[in-house]
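# Pasted the sequence and its predicted model underneath.
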Amino acid sequence: MDAITHKDSPEPAREPGHDASRELAQALARRLRELRATRGWSLQQAADACGVSKAMLGQIERAESSPTVALLWRIAGGFGCPLSELLPALAPAGAAALPEVRSAARMRARPASDAMLVSPLFRFDPGLGFELLELTLLPGYQRLSEPHARGVVEHVLVLHGRLELLCEGVWRELGEGEGLRLAGDREHGYRNPGEQPVVLLDLIHYPRTRDASPAG
Ligand code: MN
């Protein structure tokens, strides 16, 4: 058998390897099964609530299929939960005496099959009603977001690159350091027409009484 060569091969920062994807898919599968058990839903009931097929949801629960971010949002909407509640915790929550330093670079992962990396910088806190995500849109990425639950408000701030944001039916260009607040319960979209990744912060506010399903 060939000797294994020991080389320093740095982890690709932007493209998590196969093992990382696999681990994420399995953690997402566990999280989904937990959420469904908490609600006492059958697979069919959950599929109906999320507006996805039972077969597709079953595949995700068995870590057999990697969903798109759009699909993750639909599932989060169906369960009436923020995206970061759906994303598996990448590090176990310890009983630390000091607040944990959050590292966007360390938490950045590709939870789905499309060209968006998500770093759940500050997970949803029900008392505060928001989550803060760092999103990386790879070149050419475009997504029309389906409306989130009623009353959801997004605060988008571009850190790197030039973002195009669909808001109130108009595509707006945002440069570094520019931000926009938009109604997440209306149609909106994000795209990166450039050749470099676009990095943005998205602070998503959820109203205290959330609908169980996304607003129409
Ligand atoms: Mn959105």
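Ah, there it is.

# any idea whether Arg172 is helix, strand or coil?
Using DSSP: H, G, I helix; E, B strand; the rest coil, the structure places Arg172 in strand.

# That one: neighbour count?
13 (other Cβ atoms under 10 Å). Heads up, the C-betas are built off the backbone N, CA and C, glycines and all.

# Quick check: the gap between the nearest residue to Leu137 once chain neighbours are set aside and Arg162.
Using Cβ to Cβ, 6 or more residues apart in numbering and skipping residues adjacent in sequence, the residue nearest Leu137 is Asn192, 4.1 Å away. Going from Asn192 to Arg162 by Cβ to Cβ, to the nearest Å gives 8 Å.

# can you list residues touching both of the two?
With contacts taken as Cβ atoms under 8 Å, 6 or more residues apart in numbering, Asn192 and Arg162 have Val198 as neighbours in common.

# didn't Phe130 look like it was pressed against Arg208?
No: here Phe130 does not reach Arg208: they are 11.2 Å apart, not a contact under Cβ atoms under 8 Å.

# Just list what the helix or strand containing Ile60 packs against, helices and strands only.
Element membership of Ile60, judged by DSSP states H and E, is helix 54-61. Where contact means 3 or more Cβ pairs under 8 Å, 6 or more residues apart in numbering; DSSP states H and E, helix 54-61 is packed against helix 18-39, helix 43-50, helix 69-79.

# hmm, who's touching the last one?
In this case it means helix 69-79. Applying Cβ under 8 Å, 6+ apart, the contact partners of helix 69-79 are 32, 35, 39, 46, 49-52, 56-57, 60, 67, 82-83, 85-87, 111-112, 114, 116, 118, 143, 145-146, 148-149, 213-214.

# which of the residues you listed are buried?
The neighbour-count test (16 or more other Cβ atoms under 10 Å) marks 32, 35, 46, 49-50, 52, 57, 60, 67, 82-83, 85-87, 111-112, 114, 116, 118, 143, 145, 148-149, 213-214 as buried among those.

# ok so, going back, so Phe130 and Arg208 - more neighbours on which side?
In this view Phe130 and Arg208 are compared by other Cβ under 10 Å, and Phe130 has more residues nearby, 18 against 8.

# Just give me the neighbour total for the residue nearest to the more buried one when sequence neighbours are not counted.
Spatial nearest neighbour of Phe130, chain neighbours left out: His205 (4.8 Å); criterion: Cβ to Cβ, 6+ apart. If you count neighbours by other Cβ under 10 Å, His205 ends up with 16.
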